[in-house]
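Engineer: what's the 3D shape of this:
(one chain, ligands or ions: 1)
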Amino acid sequence: MPEQNLFPGKYGYFSPDGREYVITDPRTPRPWINVISNGDYGLTFSQGGSGYSWRTDAQLNRLTRWEQDLLRDDWGKYIYLTDEAGHCWSAGWKPVAAEPSEYRCRHGFGYSIIESRNFGIRSVFTIFVPNDEPCEVWILELKNTSKRTRRLRLTTYLEWCLGVAPDWHREFHRTFIETEFDRDAQAILARKRLWEIPTARGHWNASWNYVGFHGCSLPPNSFDTDKETFLGRYGSIQRPRGVMGTSLAGRSGKWLDPIASLRANFVLRPGEERVVCFTLGAAGSLEQARDIAQKYQSQESAKGALAAVGQRWETLLGTTSVTTPDPALDLMVNYWLKYQAISGRIWGRTAYYQTGGAYGFRDQLQDSQVFLPIDPARTRDQILLHARHQFKDGSVYHWWHPITEVGLHNDMSDNLLWLPFVAANYIAETGEVAVLRDREPFLDDSAPATLFEHCHRAIDRVWAKRSPRGLPLIGAGDWNDGLSAVGLDMKGESVWLGHFLHRILLDFSDIAVRLGERNRSVEYRGRADLIREALNQEGWDGEWYWRATKDSGEKLGSKENKEGMIYLNAQTWAVIADVADETRAGQVMDAVERYLEHKAGPLLLVPAYQTPDANIGYLSRYAPGVRENGGVYTHAATWAVLAAGKIGRGEMAYRLFSKINPIVRGRKPDEYFAEPYVTPGNIDGPDSPHYGRGGWTWYTGSAAWLFRVAMEGILGIRPTTEGLLIDPCIMPTWKVFRVRRKFRGALYDIEVRNPSKMIAGVSALEIDGVTVHITSRSRGVLLPVFPPETDHRVVVTMGKPWR
Ligand code: GLC
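Structural biologist: Down below sits the predicted model:
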């Protein structure tokens, strides 16, 4: 049987193996992009061939210019082609946007390819970032499919940025850039004598310490590095003067509006093919720039590097896999969520809707959880990196930039707690409580302290800031950045933060025992009891938990409020954090279903705020229904899946998962707009006229979490310090599913059978062909920890737990 494309739609489909998303029409409702990164160098690439490149930090070290214009999407690094008849087109559609007779854009893991046919010339334009070099490689394969001999002229074009150069200051910045053409290396080189970042030598007194290069495998017929001669005065990038002429102006030096453009002219006979390779990068030295440019003049080197990229992703994505009755869940969990989290969020930290570059204290810590079942050492590195960005009083940077280490120190009350939260998850995964004895300095004290100390300083700081009735203070916001003015006077409270702290106190109480810290364990357990009581007494609103109080004492998220009457996080985390007892857990999830759940998933709050409230913050200033103001905020929506699974509502957990699954939303692309292969940060809620429209794709903390909640909340494969727990909470119609996962170095091949249409509960267990008697009365079953490097086959049968 021929292999079928998956989830075909108006603008594209997944390849039969699910490893590529193939776009068949360049006019997608918004740019549908790929974020490609090797952990240092990276680029964005849209279905129109636009995008930008950076090294290490997309904001401080941008290699090429790009403006955030999602409607035109015409900033990029382009390849133009012209022929003897004066036809002009681009290998990636934009910026010429000629009508191609064939077009496909294939976004894959670590690469994108645009295949098209224009005026009888077929082109395959592959772009990727090699695993270990600060550069990108473009492979352009051309074939003359017409019956005539063609005289082709190929011209590349990009604008240098080289560091930080805001658009409102480009006239200033361009005077520091100098370019030259290196004939031997067949490359344009670019340097900048100013880098607007703080350094030891002063804010305005450093050079950009890289060499930008753009090379070509064919000896260029000519080049240009001046936008004025290339474009023509008042010209346009759709039909630049340089592209239409026989050769480029050959200008270089210090006095230009700096670009890079290379020209190659050649003849293609009917049926003839030709491959041209290009490089673009930011090298640490002139020597390295030349070496890389020359290395990728060879097609073999380029193709070899591309194959190595494929292998790297195969290892990263292949370590865990699931097979369930839902292929849309499988596709997201097996490939795309992990890819998005790693390539986009942890390595690239940037996309189209937001150019980041910095590390968010809470953001990349949460993202790094995606590595737990893949390569937990990477999570550990992230934990230790963030520990180094904590102050001695326990507070942390809200975000900081690599390269400069400049960060924002504010009163967001939750940031610091993500350190113990993720550390506890790391310990559950690895059993390695010893990580807490690793030492890292503080930002304001170079004497290294144990990770345990870093964690308890965070916990103790939040604990110390409570209201008279024992609820934690919200400060400049908690997880919700938009609640930016609720508690600036340090009086307003946060119920959600209370739930979160409760979870951490419970976990760290257990961890402290294993670390031999008995007193602390008892202390934390006692605090957990106190805060749980306060939350249940003071934070309960009758049918659900209210969300916060302002400095004035006025509540948010209460039935007393006309707008913002109920907030999602205060409900989901009551369940996740074991604050709510069984009855209340049921009640709050009922309220989620009744008030918050809509067609595109659970909303962050309802109803949306219609007018700005100076004592809430910028959340209330968004258009109603958008982002945190009553949209589906995907990051938070994932927690509803976890909470539903936890209380045994399998149907609800799966339904919520599916509603926010981009493949499902993407079935109505003209309503949804966003890429169907990655999660969006938000989807408009019912208070917006664009109800159902997704946005802010790629750069969202929802990817790693959606992966985790599918694995743990639905499939129920949960790491605990004692071992791997199997506790599914699924659709009763699911007959069987399978999960392959590593745990502490051993490979678990788990098959879960469901012959009696259960939602949850495990009644039989077989390990490597041998039946194991289950003695536990709980819903799930705990698997033993096997020696590393061993493989085990586990068969779990669902049924009424043993009683
Ligand atoms: C943004 C922030 C994240 C925050 C969320 C909710 O995604 O990066 O840290 O938790 O918004 O406001």
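Engineer: contacts and neighbour counts: CA atoms only from here.
Structural biologist: Fine.
Engineer: which intervals of this structure have sub-threshold pLDDT?
Structural biologist: Scanning the chain for pLDDT under 70 picks out the ranges 1-2, 200-202, 802-803.
Engineer: around the ligand, pick out the residues from it.
Structural biologist: 362-363, 479-482, 700 (CA under 6 Å from any ligand atom).
Engineer: most neighbours, which of these?
Structural biologist: T700 (27 neighbours; other CA atoms under 10 Å).
Engineer: for that one, phi and psi?
Structural biologist: T700 has phi and psi values of phi -150, psi 140 when expressed as degrees, to the nearest 10.
Engineer: could you find the closest non-adjacent residue to it?
Structural biologist: Closest residue to T700 apart from its sequence neighbours, by CA to CA, 6 or more residues apart in numbering: G681 at 5.0 Å.
Engineer: please identify the helix or strand for I292.
Structural biologist: For I292, the host element (DSSP states H and E) is helix 286-295.
Engineer: now Y103
Structural biologist: Going by DSSP H and E, Y103 is part of strand 102-108.
Engineer: need the CA coordinates for that strand. PDB is fine.
Structural biologist: Extracted in PDB, the C-alpha atoms of strand 102-108 (Å, rounded to 0.1, in the frame of the first residue of the first chain):
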ATOM      1  CA  GLU A 102       5.100  23.900  -8.400                       C
ATOM      2  CA  TYR A 103       5.800  24.700  -4.700                       C
ATOM      3  CA  ARG A 104       6.400  22.700  -1.600                       C
ATOM      4  CA  CYS A 105       8.000  23.800   1.700                       C
ATOM      5  CA  ARG A 106       9.200  21.000   3.900                       C
ATOM      6  CA  HIS A 107      10.000  21.800   7.500                       C
ATOM      7  CA  GLY A 108      11.900  19.000   9.100                       C
END
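Engineer: so what does that strand touch, helix or strand wise?
Structural biologist: Taking 3 or more CA pairs under 8 Å, 6 or more residues apart in numbering; DSSP states H and E as contact, the helices and strands that strand 102-108 lies on are strand 21-23, strand 33-37, strand 111-118.
Engineer: what's the shortest one in contact with?
Structural biologist: Translated: strand 21-23. Around strand 21-23, the neighbours that count as contacts under CA atoms under 8 Å, 6 or more residues apart in numbering are 11-15, 47, 104-108, 677.
Engineer: how about JSON lines for those, with distance to G492 and neighbour count added?
Structural biologist: Formatted as JSON lines, the contacts of strand 21-23 follow (distance: CA to CA, whole Å; neighbours: other CA atoms under 10 Å):
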{"residue": "Y11", "distance to G492": "48", "neighbour count": "20"}
{"residue": "G12", "distance to G492": "48", "neighbour count": "22"}
{"residue": "Y13", "distance to G492": "48", "neighbour count": "21"}
{"residue": "F14", "distance to G492": "48", "neighbour count": "23"}
{"residue": "S15", "distance to G492": "51", "neighbour count": "18"}
{"residue": "Q47", "distance to G492": "46", "neighbour count": "29"}
{"residue": "R104", "distance to G492": "53", "neighbour count": "22"}
{"residue": "C105", "distance to G492": "50", "neighbour count": "29"}
{"residue": "R106", "distance to G492": "49", "neighbour count": "24"}
{"residue": "H107", "distance to G492": "46", "neighbour count": "27"}
{"residue": "G108", "distance to G492": "47", "neighbour count": "22"}
{"residue": "Y677", "distance to G492": "40", "neighbour count": "29"}
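Engineer: hang on, the earlier thing: tell me the angle of the next helix or strand after the helix holding I292 relative to strand 102-108?
Structural biologist: Using DSSP H and E, the helix or strand that directly follows helix 286-295 along the chain is helix 299-318. Relative orientation of helix 299-318 versus strand 102-108 (axes from the mean of the first three to the mean of the last three CA atoms, to 10 degrees): 60 degrees.
Engineer: for the residues of the chain next to the ligand, give me JSON lines that also has secondary structure and distance to E712.
Structural biologist: JSON lines is the format used below for the residues of the chain next to the ligand (DSSP: H, G, I helix; E, B strand; the rest coil; distance: CA to CA, whole Å):
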{"residue": "R362", "secondary structure": "helix", "distance to E712": "21"}
{"residue": "D363", "secondary structure": "helix", "distance to E712": "20"}
{"residue": "W479", "secondary structure": "coil", "distance to E712": "22"}
{"residue": "N480", "secondary structure": "coil", "distance to E712": "24"}
{"residue": "D481", "secondary structure": "coil", "distance to E712": "27"}
{"residue": "G482", "secondary structure": "coil", "distance to E712": "29"}
{"residue": "T700", "secondary structure": "coil", "distance to E712": "20"}
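Engineer: just put those residues in CSV and tack on distance to D687.
Structural biologist: Shown next, in CSV, are those (distance: CA to CA, whole Å):
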residue, distance to D687
R362, 29
D363, 28
W479, 23
N480, 19
D481, 21
G482, 18
T700, 22
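Engineer: list the contacts for the residue positioned nearest the centre of the chain?
Structural biologist: Nearest to the geometric centre of the chain sits R345, at 3.2 Å (CA atoms, centre = their mean). Shown in contact with R345 (CA under 8 Å, 6+ apart): 364, 367, 698-701.
Engineer: many thanks, have a good one.
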